[in-house]
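# With the sequence up front, the predicted model follows.
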Amino acid sequence: MSYDFIIVGAGSAGCVLANRLSENPRHKVLLLEAGGADRNPMIRVPLLTRILYTMPSLNWGYDTEPQDHLGGRSIHWPRGKVLGGSSSINGMVYIRGQSADYDGWRQDGCEGWSYQDVLPYFKRSEDHFAEGDDYHGVGGPLAVQRATSGSVLEDAYLNACQAAGLTWNEDFNGAQFEGCGVHDFTMRNGRRHSTASAFLRPAIKRPNLTVVTNARTTRILLEGRKAIGVAYRWGERVIEAYAASDVILSGGAVNSPALLMHSGIGKGADLQRLGIDVTHDLPGVGENLQDHFGVYVAYECAQPVSLRRHLRLDRAAISVARAYLFGTGPGSALPLRCCTITRSDAALDVPNIKMTMIPSLVVENPWQRSDQEGFSIHAYQLRPESRGRLWLTSSDPESKPAIDPKYLSAASDRYVLRQTLRRIREIAMQAPFDLYRSDEIAPGDAIADDSAIDDWIAANATTSFHPVGTCRMGRGDDSVVAPDLRVHGIANLRVADASIMPSITSGNTNAPTIMIAEKAADMILARSLAGHQHA
């Protein structure tokens, strides 16, 4: 059970690393995944995405601690537990964020992570639907497609955005970030293209790559302050595997810091209270937790043009079958086509709000069908200032950690969400919506002053499923990994996933996570992207 590289977690980052590190047949690679194979046919069908969030067989099923600024509510956190990780259950939106995100990382001491440094890695992954250019690559493993033609409601929304003063943006991953337009998705031929499909499946038959599913990694094996392997539970057996080079954690913003802590790497006093031997007192592990947090504003639709007509049981069944078998029909697209990037205050240097119009009402239970024609506008703050943390509650490595994002603990976040709701209302009241917009269902016209809006947000806002930051990259005492993603103070151990982000990127976090893994592979192999491409 000896390998060159051991990767813990076959999610959005782990599948990329498994592909890139096993390209050289001399490298023996082990990839461990706590979940199972991605055989569930529902994974392939875009329209079923929201149902995947509720399926225990595909999901870690985390919940946050009760939130002080949400009236004591806990928020459910679905995270993928399957080959492909969250890329197998997410909304497939491909958006990189704005250049200022990565330039900010560089300014905070993360050399090599500016926008110009990371752009080549975004391009390397990409098989873009259009010809390659300064911002896009073609021929890469990951299919990136533009959203297909939409409904009259979506067209009305985009026209309303322009009537409200927003400019049209042809490409949110190109030269301009702000404006209104349509999303790109990680899809191919009307089906989900997860990192398991894009990166792992082409590599899985390589004799030097071993993939073990249903393998729960319980600790990192350490020799002093050097990682030499991992222990994992597989069925009734506990197996030890050894790495001649690196152990790489790619379990995401919850599981990577939790594994570090269970291995004695973290805040020493907290670990000692649980009876865990402290190998390295690294207080930043589990800190710096960030997430995008937002609201759904709902409107009754004056005409029967929402998605409701497609959700009748017989029609839905036909749509799902068409999407799975042929990649066509309503089931082959996700109703997240429209994208708006804007500002809560015109004086801001960079945009800080992202909106998506959904041509249906969003109900709590995804199996439920709303009895109303309607549409929803979802929006969240791109650059939240609230910072939370997670910590262990037990020395049992199979126990769930406590997760406290501290949503809306920063007063600035409450202000921005309040302004966001008003910006949504401004767009919804534009003339292009007049034929379709009826009453505001939620929060409703009576919710108007600051206090009432704040109370409604506290009672209704929810996660956008983008947790990051808990193994923060940086140089300071509060960071966990260096810019080369090596864990401070531990040899042969790296983290490569969304947990290393110093600050959250402006938008969905899947594309940046794939980029992190692409860059990590080159750093682990000590090669430059230019040299690799030339070779």
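It's in. Numbering: from 1, shown residues only.

# going forward, measure contacts and count neighbours with C-alpha atoms only.
OK.

# Contacts only, for Tyr94.
Val144, His183, Asp184, Phe185, Thr186, Asn508, Asn510, Ala511 (Cα atoms under 8 Å, 6 or more residues apart in numbering).

# ugh, wrong one, I meant Ser499
Gly252, Ala253, Val254, Ser256, Pro257, Pro467, Val468, Gly469, Thr470, Cys471, Arg472.

# Going by distance to Ser151, which of the residues you listed wins?
The closest of the contacts of Ser499 to Ser151 turns out to be Pro467 (Cα to Cα; 31.2 Å).

# give the contact list for the closest one.
Taking Cα under 8 Å, 6+ apart, we find Pro467 in contact with Ala253, Leu289, Gln290, Asp291, His292, Ala498, Ser499.

# Could you export stretch 48-66 as PDB, CA atoms only?
What follows is stretch 48-66, C-alpha atoms only, in PDB (Å, rounded to 0.1, in the frame of the first residue of the first chain):
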ATOM      1  CA  LEU A  48     -33.000  17.500 -11.000                       C
ATOM      2  CA  THR A  49     -30.100  19.400  -9.400                       C
ATOM      3  CA  ARG A  50     -32.200  20.700  -6.400                       C
ATOM      4  CA  ILE A  51     -33.400  17.200  -5.600                       C
ATOM      5  CA  LEU A  52     -29.800  15.900  -5.400                       C
ATOM      6  CA  TYR A  53     -29.200  18.300  -2.500                       C
ATOM      7  CA  THR A  54     -31.700  16.300  -0.400                       C
ATOM      8  CA  MET A  55     -30.400  12.800  -1.200                       C
ATOM      9  CA  PRO A  56     -28.500  11.200   1.800                       C
ATOM     10  CA  SER A  57     -26.700   8.800  -0.600                       C
ATOM     11  CA  LEU A  58     -25.000  11.700  -2.300                       C
ATOM     12  CA  ASN A  59     -24.600  14.100   0.500                       C
ATOM     13  CA  TRP A  60     -22.700  14.700   3.700                       C
ATOM     14  CA  GLY A  61     -25.800  16.500   5.100                       C
ATOM     15  CA  TYR A  62     -24.200  19.100   7.300                       C
ATOM     16  CA  ASP A  63     -26.100  21.600   9.300                       C
ATOM     17  CA  THR A  64     -24.800  24.800  10.800                       C
ATOM     18  CA  GLU A  65     -25.000  25.800  14.500                       C
ATOM     19  CA  PRO A  66     -28.000  28.000  15.300                       C
END
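
# in it, what's buried?
Neighbour-count burial for stretch 48-66 flags 48-50, 52-54, 58-66 (criterion: 16 or more other Cα atoms under 10 Å).

# so of the contacts of Ser499, which ones are in helices?
Gly252, Ala253, Val254, Ser256, Pro257 (DSSP state H).

# Quick one: low-confidence residue ranges for the stretch 151-300 of the chain.
Within the stretch 151-300 of the chain, no range satisfies pLDDT under 70.

# Please name the nearest non-neighbouring residue to Ala253.
Among residues not flanking Ala253 along the chain, Ser499 sits closest, at 4.3 Å (Cα to Cα, 6 or more residues apart in numbering).

# ignore the last one, Val16
Excluding its sequence neighbours, the residue lying closest to Val16 (Cα to Cα, 6+ apart) is Phe199, at 5.5 Å.

# Using PDB, list the CA coordinates for the longest strand along the chain.
Ranked by number of residues, the top strand in the chain under DSSP state E is strand 237-249. What follows is strand 237-249 as a C-alpha-only set of coordinates in PDB (Å, rounded to 0.1, in the frame of the first residue of the first chain):
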ATOM      1  CA  ARG A 237     -11.200  -2.800   7.700                       C
ATOM      2  CA  VAL A 238      -8.900   0.000   8.600                       C
ATOM      3  CA  ILE A 239      -6.200   0.300   6.000                       C
ATOM      4  CA  GLU A 240      -3.000   2.300   6.100                       C
ATOM      5  CA  ALA A 241      -1.600   3.700   2.800                       C
ATOM      6  CA  TYR A 242       1.800   5.400   2.500                       C
ATOM      7  CA  ALA A 243       3.000   8.200   0.300                       C
ATOM      8  CA  ALA A 244       6.600   8.600  -0.800                       C
ATOM      9  CA  SER A 245       5.900  12.200  -1.900                       C
ATOM     10  CA  ASP A 246       2.800  14.200  -0.900                       C
ATOM     11  CA  VAL A 247      -0.500  13.600   0.900                       C
ATOM     12  CA  ILE A 248      -3.000  16.000  -0.500                       C
ATOM     13  CA  LEU A 249      -6.200  16.900   1.200                       C
END
